[in-house]
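In: got a sequence here, can you build the structure:
(chains A and B)
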Amino acid sequence: MPEPDLPRLGVCHAPGGAANLREIYTAAQGLCTVVMLMRPQVAEAHPELLRLAERFFECHVLPGDEFGHKSGGGFAGFLDALGLSGVTTFHDDELEAADALLEAVRRRPRPDGNPWDKLVQRRLLHEAGLSRVVAEPVDGPQDLLHAFSALGKGPCVLKPRRAAGGQGIAFLDDEADVERQLAVRTDWSGLLLETRIEHAPHPSRISWLGSLLSVETVSCGDRRTHLGVLDKLPVAVRRHGGPDGADLVSVQGDILPSSLPPELLEEATQLTGRALDRLAVRDRVTHTELLITPDGLEVMEVNGRLAGYTARLFRLAQGPDLVRIALAAVLGRADEIRYAPPAAAAAGLFPAFPHREGVVHSSLRARDLRDLPGVSAVDELARPGDPKDLTGHRMANLTVRAEHRAALDSAVATVLDALAKGFAEPADACGGHADRAREAS
Amino acid sequence: MENTPAVDELVLAAWCDILDVRSPSPDDDFFDLGGNSLLAVTLVERIEDALGAEIPLEEFFLDGRLASLLDSARTAAK
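Out: All right, here's what the predicted structure looks like:
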């Protein structure tokens, strides 16, 4: 039941966010009374989620679905009746709604420009000397031709200005790739073209680590606390494998804590802090992705919410409750943000099939994986005979835990080896082309 | 149903079936083992249907350990 003396905090919720109902419910205990807010589109598409949420929270469907930048004032009357102290979200698709509602609740305008628009980010970070990447807007075929010329006709990336998890990305190497986009792409709305940065191997030289990192940070007012740096498995890219001209881009796993040397860890948090300063980020947890390059670290993107799986990995590694920290940040409760580095280590692994086509060949059972050292949960395992796209081309989705990073590395290597063997296809066994679809990040 | 071993048996069966695990330990946490909010409701409702009694879902959300669920089920069955 709601606790009467606690502040009321709105959470714009949708399925598939970085925190589920249970995590939000437990995180809010003794801190705030969460009021769930759903856009009409979300509530209509997921009535079961709304029914479940109503068992634990006061829930409201918002009286409109239009949340362009600076449009929260239209909801002032609705919000006044709710008596909220703040609004936040754990879902990328709800960022604009949460920001607009927070602006209306606080009656304090936000800085110009939507900081979650990757084109806005690119321009601000480049102007501030924090990124070498240059970007141009693309809203039609002619824009692509213009942007490709303006960026020097070198390797580029075409991507949506607002999307997460590698959705809708196309890597363009040359004019032939540009021609292909012109021939096959139908949706040109809200894209950008940016220069591509060469990546360098992870300094640890662990073969299964990629070149991306993430830094999880909480900003409470002007104070920033970096909660952790995570390593990543390589991003798997299948050229031309996605819909509407996009490549099929799969993130494959996160590892906490990072095995970067101390000087690079310091560089990662310093760079992230400067990027957040430039984007004027306040009162939220952010997930900033960095790329290891031959010339140092490069900011790839800043996401204005907790990353999926991250709260769970911190929990497994005996770190702080990131969901509670995110709620505390928007309430201005700096006293709740007590940083303690995770005492253990944890990984979330969701490796993609080397071959994306066809059906699953495997005799691997979830119980076999659970019996491996360190495996704490197997959330998903591709089943024999099913189309590979049924699991988003993932072989499995599991979490691994160990007392320290060296033990975790050993456990992760064992799991990846078991998956490779368990899902081996006839072409793999005779030295086939399993890695042809895979590229490093 | 008031027979404690029978209550435990049905809770363990539902737990193992929904999480697809063998040999659960009392300290296992449903949510650390991959359970989510919807699966938690499925588990609790399955036990409630078998017992004909209500188990507080909020308590299970706050403490997802098997031992706590067993306690709740035993209490509900009395």
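In: what about chain B, any weak spots by pLDDT?
Out: B:1-3 (pLDDT under 70).
In: interface residues of it facing chain A?
Out: Listed as neighbours of chain A in chain B under the rule Cβ under 8 Å from any Cβ of the partner chain: B:20-22, B:31-34, B:36-38, B:40-41, B:57-58, B:61-62, B:64. No exception for glycine: its C-beta is placed from N, CA and C like everyone else's.
In: go again using 7 Å as the cut-off
Out: Residues of chain B lying near chain A by Cβ under 7 Å from any Cβ of the partner chain: B:20-22, B:31-34, B:36-38, B:40-41, B:57-58, B:61-62.
In: got the contact list for the closest residue to B:Leu57 other than its chain neighbours?
Out: Leaving aside its sequence neighbours, B:Leu57 sits nearest to B:Val44 (Cβ to Cβ, 6 or more residues apart in numbering or on different chains; 5.2 Å). B:Val44 makes contacts with B:55, B:57, B:60, as judged by Cβ atoms under 7 Å, 6 or more residues apart in numbering or on different chains.
In: same list, those residues, but as a markdown table with neighbour count and secondary structure please.
Out: Formatted as a markdown table, these follow (neighbours: other Cβ atoms under 10 Å in any protein chain shown; DSSP: H, G, I helix; E, B strand; the rest coil):
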| residue | neighbour count | secondary structure |
| --- | --- | --- |
| B:Ile55 | 19 | coil |
| B:Leu57 | 21 | helix |
| B:Phe60 | 22 | helix |
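In: which among those gets closest to chain A?
Out: B:Leu57 (6.6 Å; Cβ to the nearest Cβ).
In: on that earlier part again, separate out the buried members of the residues of chain B next to chain A.
Out: B:21, B:31-34, B:37, B:40-41, B:57, B:61 (16 or more other Cβ atoms under 10 Å in any protein chain shown).
In: pick the one among those residues closest to A:Ala104.
Out: For those, the closest approach to A:Ala104 (Cβ to Cβ) belongs to B:Ser37, at 28.7 Å.
In: picking up where we left off before, in helices, which of the residues of chain B next to chain A fall?
Out: Taking DSSP state H, the ones among these that sit in helices are B:37-38, B:40-41, B:57-58, B:61-62.
In: and those residues, which two are the farthest apart?
Out: Between all members of these, the farthest pair (by Cβ to Cβ) comes out as B:Leu38 and B:Leu62, at 17.2 Å.
In: still on that earlier bit, taking the residues of chain B next to chain A together, which two end up most distant?
Out: B:Arg22 and B:Glu58 (28.9 Å).
In: what does stretch B:62-72 contact?
Out: A:26, B:8, B:11, B:15, B:24, B:26-31, B:35, B:55-56, B:59-60.
In: show me which pair in the residues you listed is furthest apart.
Out: Top of the distance list for these (Cβ to Cβ): A:Thr26 and B:Asp8, 25.4 Å.
In: which of the two has more residues huddled nearby?
Out: More crowded of A:Thr26 and B:Asp8, by other Cβ atoms under 10 Å in any protein chain shown: A:Thr26, with 18 against 14.
In: pLDDT score for the more buried one?
Out: A:Thr26 is assigned 94 on the pLDDT scale.
In: what residues are up against B:Gln43?
Out: Gln isn't right for residue B:43; it's Leu. With Cβ under 7 Å, 6+ apart, B:Leu43 has these contacts: B:14-15, B:18.
In: SS state for it?
Out: helix (DSSP: H, G, I helix; E, B strand; the rest coil).
In: quick check: it vs chain A, distance?
Out: Distance of B:Leu43 to chain A, computed by Cβ to the nearest Cβ, to the nearest Å: 12 Å.
In: I'd like to know how many residues surround A:Lys421.
Out: Neighbours of A:Lys421 using other Cβ under 10 Å come to 12.
In: what do you get for A:Ala366?
Out: 20.
In: how about it: what's its closest non-neighbour residue?
Out: A:Val378 (4.3 Å).
In: and the one you found, its phi and psi?
Out: Backbone torsions of A:Val378, given as degrees, to the nearest 10, read phi -120, psi 100.
In: OK, contacts around it?
Out: A:366, A:369-370, A:396, A:398, B:34.
In: for the residue of chain B found nearest chain A, which non-adjacent residue is spatially closest?
Out: Nearest residue of chain B to chain A, counting by Cβ to the nearest Cβ: B:Gly34, 3.7 Å away. Spatially, and ignoring its direct neighbours in sequence, B:Gly34 is nearest to A:Ala377 (3.7 Å; Cβ to Cβ, 6+ apart).
In: run the chain-centre distance for the helix or strand encompassing that neighbour.
Out: Assigned by DSSP states H and E, A:Ala377 falls within strand A:375-381. Its chain's C-alpha centre and that of strand A:375-381 lie 20 Å apart, by Cα atoms, centre = their mean, to the nearest Å.
In: quick one: strands adjacent to the helix or strand just after it?
Out: Counting by DSSP H and E, the element after strand A:375-381 in chain order, helix or strand, is strand A:396-402. Partners of strand A:396-402 in the sheet, by DSSP bridges, are strand A:345-349 (antiparallel), strand A:375-381 (antiparallel).
In: name the helices or strands packed onto the following helix or strand past strand A:396-402?
Out: From strand A:396-402 onward toward the C-terminus, using DSSP H and E, the following helix or strand is helix A:405-422. With contacts taken as 3 or more Cβ pairs under 7 Å, 6 or more residues apart in numbering or on different chains; DSSP states H and E, helix A:405-422 sits against strand A:345-349, strand A:396-402.
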